[in-house]
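Chemist: Show me the folded form of this:
(3 chains)
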Amino acid sequence: MPDILEGLTDAQRQAVTHINGPLLVVAGPGSGKTRVITRRIAHLLYCGIKPWNILAITFTNKAANEMRERVAALGTQEGVWLSTFHSYCARVLRQYADRMGFRKDFTIYDDDDSARLIQQLMKEGAIDKERVTPRIIQTLIGAAKERLVAPEEYEAAPSDPAQKAAAQVYAGYQARLAAANAMDFDDLVMKTALLLRQHADVLEQLRRRHQFVLIDEFQDTSRSQYMIAGLLTREHRNICATGDPDQSIYGWRGADIHNILDFERDYPEAKVVFLDRNYRSTKTILAAADQLIAANTERKERTLYTNNPAGEKIRLIQSDNPNEEAGCVAGIVGQLIEDGFAARDIAVFYRVNWLSRPIEEAFLKGGIPYQVVGGVAFYARKEVKDILAYLRLASNPGDEAAFRRIINVPPRGAGPKTLAALGAWAREHNATLIDALKSGQARALVPEKKLAVIDSFLALLSKISAAGDKSANSAAQVAIGQTGYVEMLKAAGRGENHDRIANLDELANAAAGYDEGNPEGKLAGFLEETALVADIDNWKDREDRVTLMTMHAAKGLEFPAVLMLGLEEGILPHMYAKSASELEEERRVFFVAMTRAMRKLYLFYSNERLLQGSWRYNIPSRFLKGIPRELVEIESPAVSFRERPLQYRVKRQEHQDKSASPLTLGPNAPKPGMRVRHGEFGHGVIKSVVRQGQRHKITVTFGGAVDRKLIYELAHLEVISQA
DNA sequence: GCCGTATAATTTTTT
DNA sequence: ATTATACGGC
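Modeler: Numbering: from 1, shown residues only, chains lettered A, B, ... in the order given. You can find the predicted model right below:
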């Protein structure tokens, strides 16, 4: 067992070497949980378990990929099932699609597609959308699916207009999805649960395949996900759940914290391992977080500890308004960079996406390189979604959402009236909109002049489809190059459409990248990947930029320096959080955010903020009072920060003039002699470097003359000094 | 009936 | 920034 157990604590070793029977690992922030999971998989393989008998579910694709790499570094991992819950469900459903009445090339509708469909059904059903928005109905239907409630079982409280509207729409919504051979995100999970429940032979096959099941971030699994896990493991009971109740922050999406809190009730024989030692943060930061979260009641009692140094006090900075706050953030970030922090070591977190705006402006002014995670994600860009709609429609002619999106983009003379007529025909004949375009009767609805345009549209789709059988990239090339989309952008362009065209190039690149990694995937595989990417999956953690992201997106990450914004009543806790349990979840969001910080933590609140169009005076977040006073240094920007952004701005601009593109600095390549700091092993000196493609395999001599082999790009090393 | 332009309105967290 | 909506021109 060469390296598998090396450097593990007792508790970690217990979790890694436990093989048969249920295992619960309650892992505090920064306690080496990912390490335990990857070593555990490596250990299972070492013990002779076949890779294809291991199923590991992670919260994001990024986590899955990271895990795949880390397991590979310890030996082979070829064949281990490693994916998110949604990807796993999609994969299973494709295999058994016929059992659920779908074809295996079904489309996955994103939130936007499903909202549009609901809106359309509301229009057809003449439901007043002033009082009940599509969004509310979407949430209600999602909640019903989470409880595995079918449309005919859905019961609405008579007094609730939103529920009544949902009851009216739900059946039609499912019917239209089925007609389009499409599923929404909630269907992926619900239909998988139903598949396992209703088809004993399928369940049997899957049970036999997945003999060892690991589920990470267990505190954020939903009831139906828990049910899937339970069905798969009920017989062999080899389920390993890892997570932390204090980091459960997706309750609004159906996550049920009781899955982890009550794990031992359903698996009484479970071995439980607590990982309470933190290797990430300073004593100060950890103590503050530990004290804060102690106020919650829905949790497992524990006390976090660390042997790391006490470090600096947490700094609490009050501003008068968001602009001042942004100026302070830019000032502090600039100072940190001057003090030797790399931009990639710094992160700015906020509860709601729109808080990033003023910060971006301040960073632009200050010449601070940054990247925003999420917000308007790449795949949510209009032009990207349009081209993807062409690809989707070519791949699945039933995809009504895709059809409606692009039938008239660029304009083909098919407006609302034509579309309504086609839609009526399609529903009457139980056919797709594409069928409607092809049928003689429906064609009679369309003016003769337009028929040629329609025919070339249909021909184009066949062409894309044919290209899609070769590769995703070739399909994308056709969709971008031959739809007239780019010409349309250019014609409308007053300069800014260059960005859009560049985004389409990037889409083609993404498709090419997919083809390279998945030669068998073709267009359908690429489409599935684009449907299930998370914002965080696109985070370029190798680029030397300051990261801006929501506190939710920050889960699982760590940064030497963290700045948290908008710590005010109404924002964190958010104004929508009312019940006691919702407030506890808000506190956990705060906890998750602060425990990302390794060495420096800054907390910001502003006295005034623009909320929903009007300026409001905010009071500081109640959670700030949950942090022991002696761990915090309270500062007013007027005293220590107001001038710094200006100084910094001047400096950075001078620097910018000299360097051609300051925003594209790559990470420094490792060199022997370089002094580095590792979160767990401490300070060390790089002894040797071996290049492996994009990666560098390095040997580092840490304090106490211990040599360790690390992958430079994965080890999260802090560079103390160059060689 | 469709197309283009202009105007106003709107933001919790996300697979 | 995107989208819903209205209006005038074709």
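Chemist: that's a helix at A:Glu633, yeah?
Modeler: No - using DSSP: H, G, I helix; E, B strand; the rest coil, the assignment for A:Glu633 is strand, not a helix.
Chemist: Quick check: chain neighbours aside, which residue is closest to it?
Modeler: Once flanking residues are discounted, A:Glu633 sits nearest to A:Lys313: 4.3 Å by C-beta to C-beta, 6 or more residues apart in numbering. C-beta coordinates here come from the backbone N, C-alpha and C atoms, glycine included.
Chemist: what about stretch A:381-398, distance to the chain center?
Modeler: 22 Å (C-alpha atoms, centre = their mean, to the nearest Å).
Chemist: My guess is the residue nearest to A:Glu633 contacts A:Ile634. True?
Modeler: No - using C-beta atoms under 8 Å, A:Lys313 is not in contact with A:Ile634; the gap is 9.5 Å.
Chemist: The two: who's more crowded?
Modeler: Neighbour totals were compared for A:Lys313 and A:Ile634, and A:Lys313 leads with 17 against 13 (other C-beta atoms under 10 Å).
Chemist: Counting neighbours, show which residues of stretch A:225-242 come out buried.
Modeler: The neighbour-count check on stretch A:225-242 (16 or more other C-beta atoms under 10 Å) flags A:225-229, A:231-233, A:238-242 as buried.
Chemist: now do stretch A:104-120
Modeler: Under 16+ other C-beta under 10 Å, the buried positions of stretch A:104-120 are A:105-110, A:113-120.
Chemist: try stretch A:417-437
Modeler: Quick answer for stretch A:417-437 (16+ other C-beta under 10 Å): A:418-419, A:421-423, A:425-426, A:431-437.
Chemist: Do any residues in that stretch lie close to DNA strand C?
Modeler: No - shown here: stretch A:417-437 not in contact with DNA strand C (C-beta under 7 Å from any atom of the strand), separated by at least 12.6 Å.
Chemist: so who does A:Gly79 touch?
Modeler: Residues near A:Gly79 by C-beta atoms under 8 Å, 6 or more residues apart in numbering: A:50-52.
Chemist: Which ones among these lie within helices?
Modeler: Of the positions in the contacts of A:Gly79, not one sits in helices, assigned by DSSP state H.
Chemist: Out of the residues you listed, which are close to DNA strand C?
Modeler: Counting by C-beta under 7 Å from any atom of the strand, no member of the contacts of A:Gly79 is near DNA strand C.
Chemist: out of the residues you listed, who's nearest A:Ala479?
Modeler: A:Trp52 (35.2 Å; C-beta to C-beta).
Chemist: how about A:Met122, phi and psi?
Modeler: Backbone torsions for A:Met122, taken as degrees, to the nearest 10, come to phi -60, psi -40.
Chemist: pretty sure it is touching A:Tyr170, no?
Modeler: No - assessed by C-beta under 8 Å, A:Met122 is found out of contact with A:Tyr170, at 11.9 Å.
Chemist: if I look at A:Ala73, how far off is A:Ile41?
Modeler: Computed as C-beta to C-beta, to the nearest Å, the A:Ala73 to A:Ile41 distance reads 12 Å.
Chemist: Number of residues surrounding the closest residue to A:Tyr226 other than its chain neighbours?
Modeler: Residue nearest to A:Tyr226 in three dimensions, not counting chain neighbours: A:Asn259, with 4.7 Å by C-beta to C-beta, 6+ apart. The local packing of A:Asn259 (other C-beta under 10 Å) involves 25 other residues.
Chemist: so A:Asn259 touches A:Glu217, yeah?
Modeler: No - using C-beta under 8 Å, A:Asn259 is not in contact with A:Glu217; the gap is 10.7 Å.
Chemist: tell me, what's touching the two both at once?
Modeler: Joint contacts of A:Asn259 and A:Glu217 (C-beta under 8 Å, 6+ apart) do not exist.
Chemist: Flag every residue of chain A that's near DNA strand C.
Modeler: Contact residues (C-beta under 7 Å from any atom of the strand) of chain A with DNA strand C: A:112, A:116, A:119, A:376, A:381-382.
Chemist: thinking again about what came up before, so which of the buried residues of stretch A:225-242 sit within strands?
Modeler: The members of the buried residues of stretch A:225-242 that map onto strands under DSSP state E are A:239-242.
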